[in-house]
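Visitor: with the sequence up front, the predicted model follows.
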Amino acid sequence: MDILQKIVADKRREVALKKQLIPISQLEQSILFERKTISLVKNLQNSKSGIIAEHKRRSPSKHMINDSLNVFDVAQGYEKASVCGMSVLTDSKYFGGSLDDLLLARASCNLPLLRKEFIIDGYQILEAKAYGADVILLIAAILTPAEIKEFSELAKSLNLEVLLEVHNEEELQKSIMPSLDLLGVNNRNLKTFEVSLETSITLSSLIPDDFMKVSESGISSTGAIKILKPYGYKGFLIGENFMRTDNPGESAKNFISELNLTVPIFRD
Ligand SMILES: O=C(O)c1ccccc1NCC(=O)[C@H](O)[C@H](O)COP(=O)(O)O
């Protein structure tokens, strides 16, 4: 069993239990359900840096990254750094995150928030909305095309944007549909945990221009962004590189300053 299969098996049990404890009607009563969402796509279109900064305490590949920070401070730091959006890992068992992290991030900043989760049930999309997300992640490797359609359409009906994540051409070809907003290529091979920007480079020409292209994982220098931009990537999801430091917001700010100095404006 690979790591995604393990995570999904646990997630199915977790979601089944939660559905018994907290009914959908209760999620729908959240005041955040009525909130006007903020567009990550628009922020990326208007940005030079394209940085989506992640809150990530630990991970299956790197184990402990940083659990001494307060998500409230991290979100404020990212906002001050003028990132385009923030990704909040809400899985607890493998990443040490929670829905409370999402809620705290929502309370402390006005950035578009991505709920970074292993979504296998529409219930989790209603949770995302109830806890203040603007964007959800769908992972092609763990979903059928019918599920991607059902979940992305549910998200759109709640005014949430949808980031679809792929690792290879097969996942990309089976998943492309109009109800998606952003297409993320994950550079991390989930069998070996190796990261390679080649994955983003290889898949770039197969992604139709209608989607905002995002490169995810293993981005540890402004040089990587310089390499990826000419392939049409406008979003760059960065977790460990910022979270490994004592002050992720300051690290993001320095990263963006360096980027502005070294990277030419996008080629459209
Ligand atoms: O990060 C992992 O080890 C991991 C393992 C299994 C499934 C997903 C995983 N990561 C989720 C992510 O997509 C990353 O947190 C995100 O792209 C940021 O990556 P990085 O900048 O390399 O921390």
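Guide: Yep, that arrived.
Visitor: up against the ligand, what does the stretch 101-250 of the chain have?
Guide: Contact residues (CB under 6 Å from any ligand atom) of the stretch 101-250 of the chain with the ligand: Asn186, Arg188, Leu190, Glu216, Ser217, Gly218, Ile219, Leu237, Ile238, Gly239, Glu240, Asn241. Every C-beta, even on glycine, is put in place using the N, C-alpha and C of the backbone.
Visitor: extract the residue ranges of the stretch 1-150 of the chain that are flagged as low pLDDT.
Guide: By pLDDT under 70, the stretch 1-150 of the chain has no low-scoring segment.
Visitor: the residues of the stretch 101-250 of the chain next to the ligand in helices, which ones?
Guide: Judged by DSSP state H, helices contain the following of those: Glu240, Asn241.
Visitor: which of the residues of the stretch 101-250 of the chain next to the ligand has the weakest pLDDT?
Guide: Among these, Leu190 has the lowest pLDDT, at 87.
Visitor: that residue reaches Asp2, doesn't it?
Guide: Yes. Using CB atoms under 8 Å, Leu190 is in contact with Asp2, at 6.3 Å.
Visitor: who's more crowded, these two?
Guide: Leu190 (18 against 10; other CB atoms under 10 Å).
Visitor: need phi/psi at the more buried one.
Guide: Dihedral pair for Leu190: phi -80, psi 0, per degrees, to the nearest 10.
Visitor: now for it: which residues touch it?
Guide: Contact analysis of Leu190 by CB atoms under 8 Å, 6 or more residues apart in numbering lists Asp2, Ile3, Leu4, Ala141, His167.
Visitor: by neighbour count, which of these wins?
Guide: His167 (23 neighbours).
Visitor: which residue packs closest to it, ignoring adjacent ones?
Guide: Nearest residue to His167 in three dimensions, chain neighbours excluded: Asn186, at 5.3 Å (CB to CB, 6 or more residues apart in numbering).
Visitor: looking at the contacts of Leu190, spot the one nearest the ligand.
Guide: Nearest to the ligand out of the contacts of Leu190 is Ile3 (CB to the nearest ligand atom; 5.0 Å).
Visitor: hang on, the closest one packs against Pro60?
Guide: Yes. If you go by CB under 8 Å, Ile3 and Pro60 touch, sitting 5.1 Å apart.
Visitor: any shared contact partners between the two?
Guide: Common neighbours of Ile3 and Pro60 (CB under 8 Å, 6+ apart) are Tyr94.
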